[in-house]
Structure formats: C-alpha cells, structure tokens
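Novice: no letters, just coordinates:
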C-alpha cells in the first residue's frame, strides 16, 4: 500500500460516499412523508372543529333533499285526519245552513267526521245543554251541534212515520223533535223544532216531555206569522165584532165545534150541552154569516180563523199564568184543549 503524502486530506473524510446523493434524496422524501403524516395528524385533530363549523352549511344543503325525500316517501300516506269533533261540527254547520252545500263537500265532511250521510234526518232540540252528549251516547248515529244557542242533535230517520226509537231516550226530557226531511232540508226540520220548543213551556222532573212537530203541523202553520193570523181572524169573524165579548166567545166556540163535528149532535156532545142549545146558537150564526156557512171554502176559512184565534188565546193565557208565577214570560203549550172544557170555562 502506497503512503499518502503529508498535508493531503484523507479521502474518506472529505469525499462524498458513493450513492450518498441518492440516500439524501431518499431521506428528503422520507422526511416529506413524515411531515405529511404530521400534518395529517394535526388536521385530524382540527377536523371536528371544522366539521362542526361546516355542519350548518351541509345541513342547509341537505335539507331540501330530506324534505323532498319526506314528501316523496309520504306521497302514498294519507294526510293527518282532522279531529273528529271539529269535523262533526263542520258537518253539522254545513247541513243546517240555508245555503245548500255541494254533494261532494258533504261527502268529504261526512268521511272526516265518520258520520255516514242518511237519506232522511230529524232534528232534536234540547232545553238543557248538558244533555246533548248524554243523549248522543244513547241514540245511535246522532250528530250533535249547536244552533241559535240551543243544543241540537241530528238523527237519521229512515222511516218518517216511525218515532218509537226516539221516545224512550227522550222520556223525562224537555225537547222538540222536528219532522223527517230529506238531507238537503235539514235546516227546515231544525227551524220548526226550535219554533215548537219556544212555544212549549219548560217542565221539570217527571213532567218534562218531548213534543213532535208531526203532532203540531197545523198549529205551527197557523202561528208562523201571528199578524197574518190576526188578519185572517179579523177578516172572517167580522160579523161577530158588534157582539159583547161573552156573546162572541160563546158563538165562536159553538161554531168551531159544529165545523169540527159536522152537526148539532156532535157539537152538543163536545160542548156538553143540549143539542137544542146548539141549534139555537146556529140559527143566530146563520143570521150573522148568511148562506156562506154552507159554502165549503167559507167553512174552511172560518175554521182556520177560529183555530188560530183559539191558539193565540192559549198563548196569552199561558204567558200570563207563567209570568205571574215565575216573573218571566214563556209561550204556550199547544196541546189542543177539549172544546167542552173551553165552553165550560166560558160559562156555557
């Protein structure tokens, strides 16, 4: 081995080793990868903060998609149904409104209320508000509601001539039952039931009872317009105007009994007097009214006039009697009075 001259650096101390550049490049790349890994770790630590900061943005972006998805997913589902009580109230109002609702809207309301639409219906008007739901629970398929401040029920009436199912639940209650009508005329049944209840005095306890419009159709017809009823009586009973009140009342009662009974014997029986008394009074009436008493139209008009006058007299008496007893005025009960009883009251 050859000796190295003095002052010359040793090659191994100063010279680059073979392949050192490649190693340095490799170490640089490795250091870069380690730096990338450290940056990734730092990012992973900071990521939840950034995620939470970005969350509202992403949520706002995703919201329409979720809403659309919800709509598409619920497309086949029925919408939330209206509360049954509210739906029944809406149906009651639609049926009792004078403005006729379309068949389609009634069908839709009936489906929401769970109340199948019947062919015919009756209205029941109650005097006591607290009885509405109690009675609705007893009567099958009753639709409760309120009209003009009065508690009411609508009940299907497949047979207009049958009232038997209604009588037991209504026993001991003050109520008025309207006539059976097609569904489109529900408001009419309700109005006449209200009118009849207003004309019926309230009774308490076991004396309370339900009245049916079917039993008082002629009464309601005659008294639906009292001024007109007064005009009818004044027109046809004018021949009695010059008599004393006692004479006029006696002849009115006799004439009505004769028109209703068809002859003197029947009128005498109703008035509890002798037939000759009736014949005598009828001769007086023939002098006052002339041959018109034999005319069918005149007899019909006279009977209506006499009936309306009698009903209005009942109203006045009932009002005065109840007003004295309770200090308030109510209208009369229209249970027809027996003609004989009225005659005895008048001193005949």
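Specialist: Cool, the structure landed. Note that the coordinates shown come from a computational prediction; the quantities given were computed from them, not determined experimentally.
Novice: quick check: residue 164 vs residue 134, distance?
Specialist: Going from residue 164 to residue 134 by Cβ to Cβ, to the nearest Å gives 20 Å. For glycine as for every other residue, the C-beta is placed from the backbone atoms N, C-alpha and C.
Novice: look at these two and report which has more neighbours.
Specialist: Of the pair residue 164 and residue 134, residue 134 is the one with more neighbours under other Cβ atoms under 10 Å, namely 12 against 7.
Novice: residue 142 versus that one, what's the distance?
Specialist: 11 Å.
Novice: ditto for residue 121
Specialist: Computed with Cβ to Cβ, the distance linking residue 121 and residue 142 is 10 Å.
Novice: and if you look at residue 162?
Specialist: Following Cβ to Cβ, the distance that separates residue 162 from residue 142 is 16 Å.
Novice: okay, now the unreliable bits of this protein?
Specialist: 1-84, 202-207, 319, 321-348 (pLDDT under 70).
Novice: which parts of the stretch 201-348 of the chain are helices?
Specialist: 217-222, 226-236, 245-261, 264-271, 275-289, 296-326, 339-345 (DSSP state H, counting those that start in this stretch).
Novice: so what's the residue count around the closest residue to residue 230 other than its chain neighbours?
Specialist: Spatially, and ignoring its direct neighbours in sequence, residue 230 is nearest to residue 312 (7.4 Å; Cβ to Cβ, 6 or more residues apart in numbering). Using other Cβ under 10 Å, residue 312 has 17 neighbouring residues.
Novice: tell me the contacts of residue 312?
Specialist: Applying Cβ atoms under 8 Å, 6 or more residues apart in numbering to residue 312 gives the contacts 223, 226, 229-230.
Novice: got CSV for those residues, with neighbour count and distance to residue 183 too?
Specialist: Below are those laid out as CSV (neighbours: other Cβ atoms under 10 Å; distance: Cβ to Cβ, whole Å):
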residue, neighbour count, distance to residue 183
223, 21, 27
226, 13, 31
229, 20, 31
230, 14, 36
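Novice: now for the residues you listed: which two are most distant?
Specialist: Greatest spacing in those, by Cβ to Cβ: 223 and 230 (10.6 Å).
Novice: in a helix, residue 153, correct?
Specialist: No. Using DSSP: H, G, I helix; E, B strand; the rest coil, the assignment for residue 153 is strand, not a helix.
Novice: neighbours around it, how many?
Specialist: 26.
Novice: isn't it up against residue 142?
Specialist: Yes. Look at residue 153 against residue 142 with Cβ atoms under 8 Å: they come within range, at 4.7 Å.
Novice: who touches both of these two?
Specialist: 124, 135-136.
Novice: OK, contacts around the residue nearest to residue 124 when sequence neighbours are not counted?
Specialist: Nearest residue to residue 124, sequence neighbours excluded (Cβ to Cβ, 6+ apart): residue 153, at 4.3 Å. Going by Cβ under 8 Å, 6+ apart, residue 153 touches 123-124, 126, 132, 135-136, 139, 142-145.
Novice: which residue packs closest to residue 101, ignoring adjacent ones?
Specialist: Among residues not flanking residue 101 along the chain, residue 94 sits closest, at 4.5 Å (Cβ to Cβ, 6+ apart).
Novice: tell me the spacing between the one you found and residue 186.
Specialist: From residue 94 to residue 186 the distance is 9 Å (Cβ to Cβ).
Novice: swap in residue 285?
Specialist: Counting by Cβ to Cβ - residue 285 and residue 186 are separated by 45 Å.
Novice: likewise residue 86?
Specialist: Computed as Cβ to Cβ, the residue 86 to residue 186 distance reads 19 Å.
Novice: who has more neighbours, these two?
Specialist: Ranked by neighbour count (other Cβ under 10 Å), residue 86 and residue 186 place residue 186 first, with 22 against 11.
Novice: contact partners for that one?
Specialist: 95-96, 121, 123, 154.
Novice: one more: residue 124?
Specialist: Contacts of residue 124 by Cβ under 8 Å, 6+ apart are 135, 142, 152-155, 166, 170, 175-178, 193, 210.
Novice: what secondary structure does it sit in?
Specialist: strand.
Novice: specify the beta-bridge partners of it.
Specialist: residue 153, residue 177 (DSSP bridges).
Novice: how close does it sit to residue 131?
Specialist: 10 Å.
Novice: pretty sure residue 150 sits against residue 131.
Specialist: No. Counting by Cβ under 8 Å, residue 150 stays clear of residue 131, with 11.5 Å between them.
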